[in-house]
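Colleague: sharing a model prediction with you, sequence too.
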Amino acid sequence: MRDDVETYVHTSLICQQDKADHQKKASLLQPLPIPKRPCESVSMDFISVLPKVGDLGSIIVVVDCVSKYATFIAAPKHVTVERTAHLFFKHVVKYWGLSKDIVSDRDSRFTLGTIDAHSTTQPHNSADQQPLPTDVGLLQS
């Protein structure tokens, strides 16, 4: 009998259309402010599905939103928040200065636990990302 019910539910048009939502309703997208100069706004993401070489197994990708200049930073596969901030300052801020906005997804390695309210609701979807205000005190380690 269980197989019959399961088959009916999987093939019934009404059962397929009338499902409860398990996700929070998406809100309207908010446009990003247009930066006036290069390095005023950067986007950041992690590529972590890579073969491990030594203790390195991921790449932090930082892209300037105006010039599209990209910086690729080798990082440990399970990089900590403190290490991410250190690498960001060492490879980005040192050369280009502190950005006004940092656009990122909800990756726990970057949200720092305090600025999550300005991040996106859908991971790895760059079309709807919101800027994260940069706080020097939070990022310094």
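Modeller: Perfect, I can see it now.
Colleague: neighbours around residue 35, how many?
Modeller: As a burial measure, residue 35 scores 18 neighbours (other CB atoms under 10 Å). For the C-beta atoms, the positions are set from N, CA and C on the backbone; glycine is no exception.
Colleague: quick one: it and residue 68 touch, right?
Modeller: No: counting by CB atoms under 8 Å, residue 35 stays clear of residue 68, with 11.8 Å between them.
Colleague: what strand or helix carries residue 58?
Modeller: Assigned by DSSP states H and E, residue 58 belongs to strand 56-64.
Colleague: now do the buried residues in that strand.
Modeller: 57-58, 60, 62-64 (16 or more other CB atoms under 10 Å).
Colleague: biggest separation within those residues, which pair?
Modeller: Greatest spatial distance in the buried residues of strand 56-64: 57 and 64, 25.3 Å, computed using CB to CB.
Colleague: list the contacts of the closest residue to residue 91 other than its chain neighbours.
Modeller: Closest residue to residue 91 apart from its sequence neighbours, by CB to CB, 6 or more residues apart in numbering: residue 73 at 4.8 Å. Residue 73 sits next to 59-62, 87-88, 91-92 when contact means CB atoms under 8 Å, 6 or more residues apart in numbering.
Colleague: now, which of those residues sits nearest residue 30?
Modeller: Out of those, the member with the shortest distance to residue 30 (by CB to CB) is residue 62, at 22.0 Å.
Colleague: any idea how far that closest one is from residue 53?
Modeller: The gap separating residue 62 from residue 53 is 20 Å, by CB to CB, to the nearest Å.
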